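Colleague: Build me a model from this:
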Amino acid sequence: MTPVGLYSISVRGLSVPDLLAWAHTHDMGFVHLRGGPRGFDLARRDSGELLGWCEAARETVPITGVTADVDLAHVYGTDSRQRHQAREELAALAAAAKVLGAGWVRLLACHPLTDLVGEPVEVSLPLVVELHHPGWLETGPQRALGDLLTHHGVSLLADTTQLARALANGGDGAMDRLERLWPHTRVLHLSDDGSGLADTTHTLVARRVAERIHDGQTVEVALEWTGPERTPHTCARLHRSHTAWWNHIDRETP
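Modeller: Residues are numbered from 1 along each chain as shown. Have a look, this model is predicted:
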């Protein structure tokens, strides 16, 4: 079975060492860490503190990925000053994430683009992109996204809630356009905003990714709980139930 890790926004009130120890206690396998200013702000942490967290990860569970608050539209947008600042922030975060032993950094994609301005981003870790707008499944942005995934070395973080919304609002052909993205998927977040994972679209996304895993594609699967009660007790309970949900889909997927 594919292990199910945890995205750190799923639980509140824990320092990084405490989060890692708690995740280890509950057999969560690995952690995706929110690394931008709205999270643990890794780019502005002392190197000694980062090395201490790295040691804590070696003793408990690894930090396999880090998420940035930087948006794709800033990294590849038309404003040259904003583009430079976004890339500087991203480079600093990637360097800190590498110290922690992470394997990738996630960019947000809240604003669909039809063109990518600037050279491909070169930072110390591979990038993944998370689609936060249904417009990415429209024809123009889909071409830009395809270019990003095919020629810029970027992969996809498939968030079940975000992709469910994209399919619901993407219009005719959205499903066909989404199908082209699965070969580029590196991360799957089982994303529960409080309404659970029972919606058929969550199941569709999970099954498509499970198929890719069975075909030999490496995909990290983690819980992302964004409901109102993000206590350790609630998060641990949901991790158990959503892991069972994923395991059922994994078993039933040919």
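Colleague: where along the stretch 101-250 of the chain do the strands fall?
Modeller: 105-109, 127-131, 155-159, 185-192, 220-225 (DSSP state E, counting those that start in this stretch).
Colleague: Can I get those strands in a markdown table including distance to Leu42?
Modeller: Just so you know, the C-beta spots here come from the backbone N, C-alpha and C atoms, and that holds for glycine as well. Formatted as a markdown table, the strands of the stretch 101-250 of the chain follow (distance: least, Cβ to Cβ, whole Å):
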| stretch | distance to Leu42 |
| --- | --- |
| strand 105-109 | 10 |
| strand 127-131 | 15 |
| strand 155-159 | 18 |
| strand 185-192 | 18 |
| strand 220-225 | 18 |
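Colleague: Tell me, please, where in the stretch 51-200 of the chain the pLDDT is lower than the cut-off.
Modeller: The model of the stretch 51-200 of the chain has pLDDT under 70 over residues 170-171.
Colleague: Let me have the strands of the stretch 101-250 of the chain in JSON lines, extended by distance to Glu49 and mean neighbour count.
Modeller: Shown next, in JSON lines, are those (distance: least, Cβ to Cβ, whole Å; neighbours: other Cβ atoms under 10 Å):
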{"stretch": "strand 105-109", "distance to Glu49": "19", "mean neighbour count": "26"}
{"stretch": "strand 127-131", "distance to Glu49": "24", "mean neighbour count": "23"}
{"stretch": "strand 155-159", "distance to Glu49": "26", "mean neighbour count": "25"}
{"stretch": "strand 185-192", "distance to Glu49": "25", "mean neighbour count": "24"}
{"stretch": "strand 220-225", "distance to Glu49": "24", "mean neighbour count": "24"}
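Colleague: can you tell which of these is closest to Thr64?
Modeller: strand 220-225 (5.9 Å; Cβ to Cβ).
Colleague: Could you check the angle the closest one makes with strand 185-192?
Modeller: 30 degrees (axes from the mean of the first three to the mean of the last three Cα atoms, to 10 degrees).
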